[in-house]
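Novice: Prediction below, plus the sequence it came from.
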Amino acid sequence: MTDGTPLLEARGVTRILPGIVPVTLVENISIVFGHGEFVSITGPSGSGKSSLLYLLGLLDVPTTGEVFINGVSTAELNKTERAETRLKTIGFVFQFHFLLPEFSALDNVMLPMRKLGLRDAVEMRESAAGLLSALGLEEHLHKRPDQLSGGQRQRVAVARALANDPPLILADEPTGSLDSRSTEQVFHILKKIVDNEGRTVIAVTHEMDFAAATERRIHLVDGRVAQDEAQSPASAMRGGGPEALGSHAQS
Amino acid sequence: MHLIADIAATHIRGRGRQTFLSIAGVAMGVGFSIMMASLMQGSQEDFIDTLIDTIPHIAIEDEERHPPVQPASMTFDAVKIEGLRPREKLRGIRNADGIIASLESWLPGDVAPNLTGQAVIRYAGKDLSVTVVGIDVDAERLVSTIDDDMREGSLDDLNTTANGLVVGDGVLDRLGAKVGDLVTVTSPVGVVRKFKIVGSFHTGAVANDNGLGYTLLKTAQVIQDKANVVNRIRIRLDDVNASTPIAARLESQFGYKAESWEEANEGLMEAFLIRNIIMFTVVAAILIVAGFGIFNIISQITHEKAHDIAIMKSLGFPESDIIRIFVIEGLAIGAAGSLLGCVFGFALCQALGQVEFEFAATTEVTRLPLMYSVWHYAIASGFALGSAAVAGWLPARNAARLNPVDIIRGAA
Ligand SMILES: Nc1ncnc2c1ncn2[C@@H]1O[C@H](COP(=O)(O)OP(=O)(O)O)[C@@H](O)[C@H]1O
Ligand SMILES: [Mg+2]
């Protein structure tokens, strides 16, 4: 974490959907992400934000260019190896909750843990309950997704993204379908993950308040990086206290 | 694996009715397959039982498989000798007494000597050509069911009556004679004797009932002018299934053609083979149809659960896990169906076993011949499981290939 190798790097990443009329989703993107960063990706609808996130999260494969994780190229990985990398190092949060409907909140959070299979059942249960409690869901451990509100579901999704303790969280409009109170809650949770646990969160958002409160903002236009700036996050997010003001010497 | 099974269980649990229907489909397939196998094999066994009751398990004939080597060929060292007149041989099994004595010492079964020949029976101006078999009464009743087939009189009357003759009831009808009548018997070698009909039999085989007669071996030897000759040794084994190897052994030991019942009924055995092939084809077809039911439900689940598949793949589940989930679902349905099907099949067999038939000709009450074998259950279940695995695997393979990005995008 401290040897200077970046956690995540996109080097000249281009993704073109083949077809009679090929569609360029993102073009020649080169970005470096370190550990402990809170980054927002903004841009107009259709500018390639989601596409970029899928490429960074190894859900999609670049047409040209490479994605490096901890300095290692992922270009040569096969499907199974990419799945394994996702399991261990990346947590996804999508706009819609994407929980397994038949599983309780606790079981949903335990899903990636059980897949990884490094801990015994009791440990996993405790750990999952701990994550959910930390997100204010201690009373809803055994509820199924359809018994939870949108904000609660999204917090379960965040807990699940954290299940295997990944250094990287990728969130695609995580507050896009939430009311302002829930939005604020989720934002603070993500912020805490960065500040207290040293993880990197990359969140796509179209909410200016949200973006303004992050330490680094990447703006996409037509699949290209139009702007990549570090900023002071203090003011914008309501209730976003000054505790976030720390080291943000990034470029 | 536990996790994968857990996920599979949630998919099935959510659709009770549909799952029940596809389980019922498999169960019906397995049940009917078992019933059919039981009937087919039962009737085959029944037929063979009836057949081998009426024919010897092994018959040693006074024939050789290959033309005998002529003395001239043995004497002269030549590739081929043309124009030889084969040496005349007295027909019959030489040293039959010795062979019979030897067989009785070790063979697990019974042995009876026969002299079979043609003769013409004349009665009231009517002639009828019949096959007359000379038998040793006590030995014969051990190797054939003729005793059970007697309608009038008894085989024992042959021993107590000089020139006694037992004939099929059809022979009596055709001659217009009845038991107790005197008939004239003429053999091909010209011997003519008066015989008394002391009994009649009915075997159900028309050729025998209309054209067969029994007399004492000694009497037959007189009318055929073949003193001390036996031309057939009939053998009934304790274990009918041993007939082919024992026949081969007898043949190499004595040099005479020893034909097992299986060889004698080769055409029939072939017919049974074809019947079994047809049966297995139909069983396979039934179970493949049952597999379609499983294919249907698993396909539907994979479509409805496309979201879940995308979630699992984005979380880091490899494609092999996704395939396994749906194959397990297919196998679970297949296993439940097989289990139910075995019970159903057994019940069907039991029910069929209760049905009684009455044949007009015999007025005998007959039940369907059913055979119970663990193999029927094992094969039907095994085939159902195999078909279930394929039926789960086909849609699972497509589902696993699904690109999570497409679905995650679609939801947004
Ligand atoms: N399967 C597809 N076929 C055609 N065009 C697509 C497909 N997927 C995405 N696009 C297009 O690619 C562009 C980038 O999409 P996306 O990454 O979802 O943008 P954003 O998340 O910024 O709204 C959009 O113009 C979108 O319409
Ligand atoms: Mg998007």
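Specialist: That came in fine, so what should we check first? Ligands and ions are numbered 1, 2, ... in the order given.

Novice: would you list every one of the strands in chain A?
Specialist: A:8-17, A:23-33, A:38-42, A:64-69, A:72-73, A:90-93, A:168-172, A:200-204, A:216-221, A:224-230 (DSSP state E).

Novice: Keeping just the C-alphas, turn the longest one into PDB.
Specialist: Meaning strand A:23-33. In PDB, the C-alpha atoms belonging to strand A:23-33 read as follows (Å, rounded to 0.1, in the frame of the first residue of the first chain):
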ATOM      1  CA  VAL A  23     -20.000   2.500 -30.900                       C
ATOM      2  CA  THR A  24     -17.100   4.000 -29.000                       C
ATOM      3  CA  LEU A  25     -18.000   3.900 -25.300                       C
ATOM      4  CA  VAL A  26     -14.700   5.400 -23.900                       C
ATOM      5  CA  GLU A  27     -11.700   6.500 -25.800                       C
ATOM      6  CA  ASN A  28      -8.000   6.600 -24.800                       C
ATOM      7  CA  ILE A  29      -8.500   6.900 -21.100                       C
ATOM      8  CA  SER A  30      -5.500   7.000 -18.800                       C
ATOM      9  CA  ILE A  31      -6.000   7.500 -15.100                       C
ATOM     10  CA  VAL A  32      -4.100   6.500 -12.000                       C
ATOM     11  CA  PHE A  33      -5.900   5.800  -8.700                       C
END
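
Novice: for that strand, what is the average pLDDT?
Specialist: In this model, strand A:23-33 has an average pLDDT of 94.

Novice: and if you look at the first one?
Specialist: Taken as a whole, strand A:8-17 has an average pLDDT of 94.

Novice: Quick one: list the elements packing against it.
Specialist: Contact here means 3 or more CB pairs under 8 Å, 6 or more residues apart in numbering or on different chains; DSSP states H and E; on that basis strand A:8-17 packs against strand A:23-33, helix A:49-56, strand A:64-69. C-beta coordinates here come from the backbone N, C-alpha and C atoms, glycine included.

Novice: Save the strands of chain A as JSON lines, and put in mean neighbour count too.
Specialist: Shown next, in JSON lines, are the strands of chain A (neighbours: other CB atoms under 10 Å in any protein chain shown):
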{"stretch": "strand A:8-17", "mean neighbour count": "18"}
{"stretch": "strand A:23-33", "mean neighbour count": "18"}
{"stretch": "strand A:38-42", "mean neighbour count": "25"}
{"stretch": "strand A:64-69", "mean neighbour count": "17"}
{"stretch": "strand A:72-73", "mean neighbour count": "12"}
{"stretch": "strand A:90-93", "mean neighbour count": "26"}
{"stretch": "strand A:168-172", "mean neighbour count": "25"}
{"stretch": "strand A:200-204", "mean neighbour count": "24"}
{"stretch": "strand A:216-221", "mean neighbour count": "20"}
{"stretch": "strand A:224-230", "mean neighbour count": "15"}
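
Novice: Please list all residues in contact with whichever residue of the stretch 51-200 of chain A sits closest to ligand 1.
Specialist: When scored by CB to the nearest ligand atom, the stretch 51-200 of chain A has A:S51 as its residue closest to ligand 1, at 3.3 Å. By CB atoms under 8 Å, 6 or more residues apart in numbering or on different chains, the contact list for A:S51 reads A:15, A:25-26, A:60, A:223.

Novice: try 6 Å
Specialist: For A:S51, the contact set (CB atoms under 6 Å, 6 or more residues apart in numbering or on different chains) comprises A:15, A:25-26.

Novice: Quick check: closest non-adjacent residue to it.
Specialist: A:L25 (3.8 Å; CB to CB, 6 or more residues apart in numbering or on different chains).

Novice: What of A:P174?
Specialist: Spatial nearest neighbour of A:P174, excluding adjacent residues (CB to CB, 6+ apart): A:V93 at 4.6 Å.

Novice: partner residues bridging that neighbour?
Specialist: A:A171 (DSSP bridges).

Novice: what's near enough to touch it?
Specialist: A:V93 touches A:157-158, A:161, A:171, A:174, counting by CB under 6 Å, 6+ apart.

Novice: count of neighbours near the residue nearest to B:A242 when sequence neighbours are not counted?
Specialist: Distances taken as CB to CB, 6+ apart place B:P108 nearest to B:A242, at 7.6 Å, with adjacent residues excluded. Neighbour count of B:P108, defined by other CB atoms under 10 Å in any protein chain shown: 9.

Novice: Would you enumerate the residues in contact with the closest residue to chain B within the stretch 1-150 of chain A?
Specialist: Shortest the stretch 1-150 of chain A-to-chain B distance, computed as CB to the nearest CB: residue-wise this is A:L87, at 2.7 Å. For A:L87, the contacting residues are A:116, B:316, by CB under 6 Å, 6+ apart.

Novice: Longest strand in chain B, by number of residues?
Specialist: Assigned via DSSP E, chain B shows its longest strand as strand B:109-123.

Novice: Check which residues of that strand are buried.
Specialist: B:109-117, B:119, B:121, B:123 (16 or more other CB atoms under 10 Å in any protein chain shown).
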